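>>> could you work out the structure for the sequence below:
(chains A and B)
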Amino acid sequence: MQQAPTRPCADPVRSADVSGAAAIHTEGLSKRYGRTVALDALDLTVRQGEVYGYLGPNGSGKTTTIRLLLGLHRPSAGRAELFGIDAWHDPVAAHRRAAYVAGEPFLWPSLTSDETFAFLANLRGGTDVAYRDVLIARFQLDTAKRVRALSKGNRQKVQLIAAFASRADLLVLDEPTGGLDPLMEVAFRETVVEAKERGQTVFLSSHILSEVEALCDRVGILRAGRLVDEGTLAELRHLSAQTIDVTFDGPAPSLDGLAGVRVAGAGANALRLEVSGNVGPVIAALAAHPVLALSSREPSLEEIFLHHYDGSKDSAGG
Amino acid sequence: MLAASGAVSARIDPASPSGAGIRPGRALVVRASRDSRVRTIAFGCLFALYSYIQPVGYRHAYPSLSDRLAFAHSFASNDALRLFYGYPYNALTISGYSAWRVGGTLTIFAAVWGVLAAVRALRAEEDAGRAELVLAGVLRRRTMYLSALAAIAIGMSILWLAELVGSVAGGLPTGGSAYFALATTSVVPVCVGVGAVASQLAPTRRVALQLASAVVGALFLLRVIADTASGAGWLRWLTPLGWAEELRPFAGAQPLVLLLPVLTSALLLAVAGRIAAGRDVGAGLIRVRDTAESNPRLLSSPAAQALRSDRGGLTVWLISVGGFAFILGMVSASISSAGISQSVRRELAKLGSGSIATPTGYLAFVFIFFILTVSLFVCAQIGAARREESEQRLETLLALPVSRSGWLGGRLLIAAGASGAISGVAGLLAWAGAASQGVSISLAHMLEAGANCIPVALLFLGIAALAHAAVPRASAGIAYAIVTVAFLWDLLGSILGVPKWVVELTPFQHVGLVPTQPFRVGAAAIMVAIGLLAAAAALAVFRRRDLIGE
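Numbers count the residues shown, from 1 in each chain, chains lettered A, B, ... in the order given. Model (predicted):
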């Protein structure tokens, strides 16, 4: 039964893409359902070997994006390519290089996990059986159980193991850790890091910010069907304001008129400043005052995310 | 603490949450009725239409008393026809004839409706995980169970009303029609009881449906034997389909018989309610093993896997169609032409019944019903394909290197192959049944009669596939509706004498009554060609649309 051959893509020569096409590339990718605009002119490029975090609140269009990337739904405008192959017009060729983990595990209730693995491997034309066994042990899955008898978290493990064991060049993961316990979350992160080390590309749609912060090279933030920010974590932080808390010996001075500085909060003798860009002018201005304590920190991904989500409600809508 | 709870109740009064006045039980009844409205309306239309056609058609075909006497003495006492229409107590009057023809057929549909409604309300909801959500609220299990039954009772009343309206519109007296419709729908609560018990035993919708259908099939078989075999009339008292006959609408009514379905259904529903109150939600009394030895067979492609998961259902189809064909074959031995005049035969032809006065003619006639059965089977296959999509397993498949055409094409091939197998089994076992009673009929002819089912089935398969591609949410409903209307079209059109070209729109007009008539190669080729065209169009349309969940 364990006859499925190891995929040749483990071979480093083949896994390097000759054409150098991006793992994911979309241009003006849009989707409307009736009057609802689910995705609005998405331009996205995920390079090979990258772990890309796709962030957005519920209903922002993450799953729609993935359905378009996989050619399950038809774009209303624009196009999506995986490794230079059009996802709508040639889905089979595109899927040979991609594996997908859905947010909800929709499997065949009467098959056992073992049979599910065999079935999915047959449809793909092979899988890395040895690595699959490693993953089964890592995720502590009882493979003799029928899918019907598995909890949601365990069904999610079946999907994850099947996808990672395929050693596909691109892993498309749609909120893959919903239902996993913290121990399995650790196993998941370990597996993503392994995939990255092998040069696989990972597209991770999530709203678990700590997961994205820990794993991803680049992050895109989606809001109401539009990509509102994109970049490495460092870039996102750079573009966002740093927070500086200052305590004074005496009443807090007014720091109005300094470029790029916003007073986010004020106490009797304390200020919270949000500084965009260079902090030099702020420090120079503060030097003229009796500063007791000063602390600064970079924004967390959560703050960046909330900033995008809360801060631009007025421009929302499609 | 008191103050705190007071503050809460000031904001949200627990006695009247929003949606004030609606009790949770009633909300469930409304929900369940809405969920099943399409099916109930479809069956209601069938009940009204069918109970309207028969009195009108009878009046049309047998205008005088002497015609009716001749008819009653020949056709109505024919063993073979009783198989489908039941025992005729009074075929001389329009109302008696209608009660025989309509009641006999519609009780079968009423039984099917009852089983579907019960399994849908009492197991499918649980299978889908929704019952858990409801029970996690303030509802007691008893309330949920009774709400489900109340919704079914509403549906049953609609069927009753539909038959009443159809009969009265067809010219039957109102009071008698009300009792007549009551006799037909008396089958429903018993079959709901069967479905309810099956839903407690089986852990999944599919197994519950198979269990309940097997029981109802056996009850139908009992009626068939009671109505056709001599000396077996007492068996009629063992089946709700027989009770409906013994109620004798328009033929010396015996309303006391109603006690039988009332008591039986009360007993079955009480047993089911008792089990429902004591078992784990989501489980059935039949435990399925949670683990299994890995079995790698039939996992090579989506089609192979579909065959693997459908094989239980396919076996049930093969056994029940084969069993029926065998019994019909046996019954055919009792058919003789004695006492049927030429004029009556001509009239019979108007009923779409052809020449049925010989064993061969009879088998040729009953194979029309096998054509219908195999056509309904392909609708069920398209329903299964649609369920794979609506339950989103198709997304899992199509995210792999699996093409849409490959998936749908594979399912169509399975449906075509299985309908061929069912047709073949029908022909083979009808021959075996006939041969076992010494009827001289060739195996080749009966296999040809079986094969005669296939072109129509392929035509409907193509159309159903196109419905799946173009209007996915309504696909199975459209497919079943087209087959049913096409079947009744034949009866309706040939009775009412509408223009020929209108009648000939249905494929049932173009099948030869094999083996009495030759297999119509030309018509078969055209049907297969249309089926293939529709299937090709289905593949093309399906390739261009979004996958659509529930």
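>>> what's the burial count for residue 101?
All of this refers to chain A. 25 (other Cβ atoms under 10 Å in any protein chain shown). Just so you know, the C-beta spots here come from the backbone N, C-alpha and C atoms, and that holds for glycine as well.
>>> wait, chain B
25.
>>> pLDDT wise, what is it at?
pLDDT for residue B:101: 75.
>>> if I look at it, how far off is residue B:60?
Separation of residue B:101 from residue B:60 (Cβ to Cβ, to the nearest Å): 13 Å.
>>> for stretch A:273-290, buried residues please.
Within stretch A:273-290, the residues scored as buried using 16 or more other Cβ atoms under 10 Å in any protein chain shown are A:273, A:274, A:275, A:279, A:282, A:286.
>>> nearest to chain B, of these?
Ranked by distance to chain B (Cβ to the nearest Cβ), the buried residues of stretch A:273-290 are led by residue A:274 at 36.4 Å.
>>> so that closest one sits in a strand?
Yes: using DSSP: H, G, I helix; E, B strand; the rest coil, the assignment for residue A:274 is a strand.
>>> before we move on, the earlier item: farthest-apart pair in the buried residues of stretch A:273-290, please.
Among the buried residues of stretch A:273-290, the pair separated by the greatest distance (Cβ to Cβ) is A:274 and A:286, at 14.6 Å.
>>> could you report the neighbour count for residue 291?
Unless you meant another one, I'm taking chain A. Residues within reach of residue A:291, counting by other Cβ under 10 Å, total 14.
>>> I was thinking of chain B, sorry if that wasn't clear
12.
>>> quick one: contacts for it?
Applying Cβ atoms under 8 Å, 6 or more residues apart in numbering or on different chains, we find residue B:291 in contact with A:112, A:142, A:144, A:145, A:146, A:149.
>>> out of those, which is most surrounded?
residue A:112 (25 neighbours).
>>> show me which of the contacts of residue B:291 neighbour chain B.
Filtering those for proximity to chain B by Cβ under 8 Å from any Cβ of the partner chain leaves A:112, A:142, A:144, A:145, A:146, A:149.
>>> the fifth one touches residue B:290, doesn't it?
Yes: at 5.8 Å, residue A:146 counts as touching residue B:290 under the criterion of Cβ atoms under 8 Å.
>>> at the geometric centre of the chain, which residue do we find?
Went with chain A since none was named. Nearest to the centroid of the C-alpha atoms of chain A, with distances taken as Cα atoms, centre = their mean, sits residue A:53, at 2.2 Å.
>>> nope, chain B
residue B:112 (5.0 Å).
>>> in the stretch 201-318 of chain A, what residue lies closest to chain B?
For the stretch 201-318 of chain A, Cβ to the nearest Cβ, closest residue to chain B: residue A:203, 12.7 Å.
>>> part of a strand, is that residue?
Yes: the assignment for residue A:203 is a strand, going by three-state DSSP.
>>> grab the nearest non-local neighbour of residue B:212.
residue B:198 (3.9 Å; Cβ to Cβ, 6 or more residues apart in numbering or on different chains).
>>> contacting residues for residue A:203?
A:23, A:24, A:46, A:52, A:54, A:66, A:69, A:170, A:171, A:172, A:173.
>>> 7 Å - rerun?
A:24, A:46, A:52, A:54, A:170, A:171, A:172, A:173 (Cβ atoms under 7 Å, 6 or more residues apart in numbering or on different chains).
>>> give me the pLDDT for it.
pLDDT, residue A:203: 97.
>>> pLDDT score assigned to the residue of chain A most remote from its centre?
The C-alpha centroid of chain A is most remote from residue A:250, which lies 46.2 Å away (Cα atoms, centre = their mean). On the pLDDT scale, residue A:250 is placed at 85.
>>> related to what we said a few turns ago, so can I have CSV of the buried residues of stretch A:273-290 showing pLDDT?
CSV is the format used below for the buried residues of stretch A:273-290 (pLDDT from 0 to 100):
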residue, pLDDT
A:273, 85
A:274, 82
A:275, 82
A:279, 81
A:282, 84
A:286, 86
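>>> the closest residue to residue B:373 other than its chain neighbours: how many residues sit nearby?
Using Cβ to Cβ, 6+ apart and skipping residues adjacent in sequence, the residue nearest residue B:373 is residue B:321, 6.2 Å away. By the criterion of other Cβ under 10 Å, residue B:321 has 23 neighbours.
>>> isn't residue B:321 up against residue B:372?
No: Residue B:321 lies out of contact with residue B:372 (Cβ atoms under 7 Å); the separation is 11.4 Å.
>>> now stretch A:180-198: buried residues?
Using 16+ other Cβ under 10 Å as the test for burial, stretch A:180-198 gives A:180, A:184, A:187, A:188, A:191, A:192, A:195, A:196.
>>> so how far is chain B from the fourth one?
Okay, so that is residue A:188. Counting by Cβ to the nearest Cβ, to the nearest Å, the gap from residue A:188 to chain B is 19 Å.
>>> check which helix or strand covers that residue.
Here residue A:188 sits within helix A:182-197, counting by DSSP states H and E.
>>> how about the nearest residue to residue A:25, chain neighbours excluded?
residue A:81 (4.6 Å).
>>> quick one, what contacts residue B:196?
Neighbouring residues of residue B:196 by Cβ under 7 Å, 6+ apart: B:118, B:122, B:268, B:269, B:272.
>>> from these, which is closest to chain A?
Proximity of these to chain A (Cβ to the nearest Cβ) peaks at residue B:122, which lies at 18.9 Å.
>>> name the next helix or strand downstream of the worst-scoring helix or strand of chain B on mean pLDDT, please.
Sorting the helices and strands of chain B by mean pLDDT, DSSP states H and E puts helix B:2-11 at the bottom, at a mean of 41. Using DSSP H and E, the helix or strand that follows helix B:2-11 in sequence is helix B:24-35.
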